[in-house]
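J.: Need a 3D model of the sequence below.
(4 chains)
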There are 2 protein chains.
Amino acid sequence: MTPRINLMAVLEGLGYRSTAPRKAIAELLEQKQDSFTAEALSEELPSVGRATVFRTIKLLLEAGAVCKLATIDGSQMYSLCRIGHHHHHSVCIQCGAVEEFRAAAVERLLSAIGDEIPGEVIDHRIELYVVCGYCPFDEDK
Amino acid sequence: MTPRINLMAVLEGLGYRSTAPRKAIAELLEQKQDSFTAEALSEELPSVGRATVFRTIKLLLEAGAVCKLATIDGSQMYSLCRIGHHHHHSVCIQCGAVEEFRAAAVERLLSAIGDEIPGEVIDHRIELYVVCGYCPFDEDK
DNA sequence: TAGACAATTGAGACATACTCTCAATATGAG
DNA sequence: CTCATATTGAGAGTATGTCTCAATTGTCTA
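T.: I've put the predicted structure just below:
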């Protein structure tokens, strides 16, 4: 049971208007379990202009409803955030499925590392690259 | 005392030829303490073709002598690697200075987290975003 | 419920970051 | 020194994202 998400409500809560293109993007994103690129999303929504797709993703990023994450090769993708708070991602390197996780122990440890580094730690990023347990692209069995 | 690095030797060790453009790129990179973009490097080396700068950075990436890292806003930069082994980075969000760190405790913890996630963990990435202790761009004091 | 008016849209130009193609050149093994 | 081939530079191409601006739409208010 993944939690219900209403992306359009998030945008409206920030004062943005409820328009047909935004609703189409929000509905499509709400189904997605996997990471995605803006370009691919745009291709799935030929009725919505490319610029609008990019703009809406950017709004959702700023709203914290979508995260930008780095793949194992350093390129970038987006992923819907189901957890509202600070969290990290594990990304399947074969199918792109994204899971979110929180680990207080990691936060504590990074904070301790921060104490040993000159300067002040502002933020951090952790990504786990996995082959997910039920990966449809897993050829090895 | 940062360790001495000889990037050209790294490339030669992999069977690549020692050419003037590669030497110029290697020498410039060896001085850099900060993260950099390929574009900026290319501008610093007008005598070397743009494509050659990008190609050489890619070779150094594959050789593990340079890392690609994500900035706090999700865009990408490169950084020279002084430690040969698996490590992570702290990046100053003001001046771009990069420090490398290793932390066995973090690795152990991530491995433990991996045990709780379905599927197999292949790799991971950690970036710390800091304001470095001696940041030249720090206005706050 | 009919404007009014600002927010939003789509098309396409532009920007950025990189890769590819190919003819010309440089390297280094013999 | 020679020659096969690795490498280079210029510029076209690709991927990803942003900007501009005229046309359209959503929402507020009367």
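J.: export the worst-scoring helix or strand of chain A on mean pLDDT as PDB, just CAs?
T.: The weakest-scoring helix or strand in chain A, judged by mean pLDDT, DSSP states H and E, is helix A:104-116 (a mean of 89). Presented in PDB, the C-alpha positions along helix A:104-116 are these (Å, rounded to 0.1, in the frame of the first residue of the first chain):
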ATOM      1  CA  ALA A 104      18.600   7.700  11.800                       C
ATOM      2  CA  ALA A 105      21.900   5.800  12.300                       C
ATOM      3  CA  VAL A 106      23.300   7.200   9.100                       C
ATOM      4  CA  GLU A 107      22.300  10.700  10.000                       C
ATOM      5  CA  ARG A 108      23.900  10.400  13.300                       C
ATOM      6  CA  LEU A 109      27.100   9.000  11.800                       C
ATOM      7  CA  LEU A 110      27.300  11.800   9.100                       C
ATOM      8  CA  SER A 111      26.800  14.300  11.800                       C
ATOM      9  CA  ALA A 112      29.700  12.800  13.700                       C
ATOM     10  CA  ILE A 113      31.800  12.900  10.500                       C
ATOM     11  CA  GLY A 114      30.800  16.500  10.100                       C
ATOM     12  CA  ASP A 115      32.300  17.300  13.400                       C
ATOM     13  CA  GLU A 116      35.700  16.100  12.200                       C
END
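J.: who touches the residue nearest to the spatial centre of chain A in this structure?
T.: In chain A, the C-alpha nearest the mean C-alpha coordinate belongs to A:Ser79, at 2.2 Å (Cα atoms, centre = their mean). Residues near A:Ser79 by Cβ atoms under 8 Å, 6 or more residues apart in numbering or on different chains: A:Asp34, A:Ser35, A:Phe36, A:Val66, A:Cys67, A:Leu69, A:His89, A:Val91, A:Val98. No exception for glycine: its C-beta is placed from N, CA and C like everyone else's.
J.: just to revisit the earlier point, the helix or strand following the least confident helix or strand of chain A packs against which elements?
T.: Downstream of helix A:104-116, the next assigned helix or strand under DSSP states H and E is strand A:120-131. In terms of contacts (3 or more Cβ pairs under 8 Å, 6 or more residues apart in numbering or on different chains; DSSP states H and E), strand A:120-131 is packed against strand A:66-70, strand A:88-92, helix A:104-116, helix B:104-116, strand B:120-131.
J.: got those as JSON lines, with mean neighbour count and distance to A:Ile122 columns?
T.: As requested, the helices and strands packed on strand A:120-131 are exported to JSON lines (neighbours: other Cβ atoms under 10 Å in any protein chain shown; distance: least, Cβ to Cβ, whole Å):
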{"stretch": "strand A:66-70", "mean neighbour count": "20", "distance to A:Ile122": "17"}
{"stretch": "strand A:88-92", "mean neighbour count": "23", "distance to A:Ile122": "16"}
{"stretch": "helix A:104-116", "mean neighbour count": "13", "distance to A:Ile122": "9"}
{"stretch": "helix B:104-116", "mean neighbour count": "13", "distance to A:Ile122": "18"}
{"stretch": "strand B:120-131", "mean neighbour count": "19", "distance to A:Ile122": "5"}
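J.: What residues does chain A have near DNA strand D?
T.: Neighbours of DNA strand D within chain A, by Cβ under 7 Å from any atom of the strand: A:12, A:17-20, A:37-39, A:50-51, A:54-55, A:58, A:75-76.
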